[in-house]
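1. Below is the structure, and that's it, no one-letter string:
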């Protein structure tokens, strides 16, 4: 695939692509990946995801505009769920920032 071609599964693959970019910047994460849907505490416990971790998801997609030719644009709603553990002696915000 050339640099000017769009992969056919781009919208489905986008959370994983974003997660790969986050992993490059934050290599110390135990887990960093794309996922489908929302995250709740029950799913978090069932999956056994260890902190620190980042899970990226696409929450919604809406076609925005269509230009001449096959060039539609989309508006995406995405989220990055950041999982961290409280460190002793630090308040929650300071521990999350470290």
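-> Good, I have the coordinates. Values in this document were obtained by computation on a predicted structure and should not be read as measured data. Numbering: from 1, shown residues only.
2. List the contacts of stretch 74-94.
-> Stretch 74-94 is contacted by residues 11, 14-15, 18, 22, 38-39, 44, 49, 51-64, 95-96, 98 when judged by C-beta atoms under 8 Å, 6 or more residues apart in numbering. In this view, the C-beta of every residue, glycine as well, is placed from N, C-alpha and C.
3. Any of those residues buried? List them.
-> 14-15, 18, 22, 49, 52-58 (16 or more other C-beta atoms under 10 Å).
4. if you look at those residues, which of them are in helices?
-> When DSSP state H defines the helices, the subset of those inside them is 14-15, 18, 22.
5. re the thing from before, any idea which of the buried ones among the contacts of stretch 74-94 is closest to residue 5?
-> Closest to residue 5 out of the buried ones among the contacts of stretch 74-94 is residue 14 (15.8 Å), distances taken as C-beta to C-beta.
6. who are the neighbours in contact with that closest one?
-> Applying C-beta under 8 Å, 6+ apart to residue 14 gives the contacts 34, 58, 76, 78.
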